[in-house]
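Novice: Next come a sequence and a model predicted from it.
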Amino acid sequence: MAATDFDVKYVAHLARIELTPAEEQKLGVQLNHILGYIEKLKEVDVSQVEPTAHAVPMVNVTRPDEIRPGLTNEEALCNAPAKANGLFIVPKIVE
C-alpha cells in the first residue's frame, strides 16, 4: 500500500473517532511516516531467517500432572447452604 493510498477520514471513521482538520493533517503525516517505514522494512532480505512465533524461546512453566488427594464429598458439602443426596442444591434459573 503506497503512502498516498489511504484516506484519513475513512480511517478515522473506522476507528470511530472525530478529528479536526488540523488533527487529520497531523494523522496523515504520521501515517505516511509509518507506511514509509513499513516499505523500508519490506526491502530487508529475510530469506535466511527462520520463521518464529516469539523473539526468544518460550518454555511452558507448568507443573507436572500428579495425582493428589482431593476433598471428600462430605468435606466439599460441609458449608453448602443446601444439599441433598451428596449434591449441591442451587436455585433454578430460567430466562
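Specialist: Looks like it came in fine. Numbers count the residues shown, from 1 in each chain.
Novice: CA atoms for contacts and neighbours, from now on please.
Specialist: OK.
Novice: List the buried residues in the lengthiest helix in the chain.
Specialist: With secondary structure taken from DSSP state H, the chain has its longest helix at helix 21-42. Residues 24, 27, 28, 31, 32, 35 are the ones in helix 21-42 that count as buried (16 or more other Cα atoms under 10 Å).
Novice: Which strands or helices does the very next helix or strand once past that helix pack on?
Specialist: Using DSSP states H and E, the helix or strand that directly follows helix 21-42 along the chain is helix 73-77. Applying 3 or more Cα pairs under 8 Å, 6 or more residues apart in numbering; DSSP states H and E, one finds that helix 73-77 contacts no other helix or strand.
Novice: what lines up beside the helix or strand following helix 73-77 in the sheet?
Specialist: Going down the chain from helix 73-77, the next helix or strand is strand 83-84, by DSSP H and E. Strands adjacent to strand 83-84 in the sheet, as given by DSSP bridges, are strand 87-88 (antiparallel).
Novice: avg pLDDT for the partner strand?
Specialist: Strand 87-88 shows an average pLDDT of 93 in the prediction.
Novice: now swap in stretch 30-41 and tell me
Specialist: 91.
Novice: Please state the offset of the longest helix of the chain from the chain centre?
Specialist: 25 Å (Cα atoms, centre = their mean, to the nearest Å).
Novice: Which of the helices or strands spans residue 14?
Specialist: Per DSSP H and E: residue 14 is located in helix 8-15.
Novice: List the buried residues of that helix.
Specialist: Buried residues in helix 8-15, counted by 16+ other Cα under 10 Å: 8, 9.
Novice: what's that helix in contact with?
Specialist: Residues outside helix 8-15 that contact it (Cα atoms under 8 Å, 6 or more residues apart in numbering): 18, 19, 24, 27, 28.
Novice: repeat that with 7 Å
Specialist: 18, 24, 28 (Cα atoms under 7 Å, 6 or more residues apart in numbering).
Novice: Switch these over to JSON lines; also include distance to residue 6.
Specialist: As requested, the contacts of helix 8-15 are exported to JSON lines (distance: Cα to Cα, whole Å):
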{"residue": "18", "distance to residue 6": "17"}
{"residue": "24", "distance to residue 6": "12"}
{"residue": "28", "distance to residue 6": "9"}
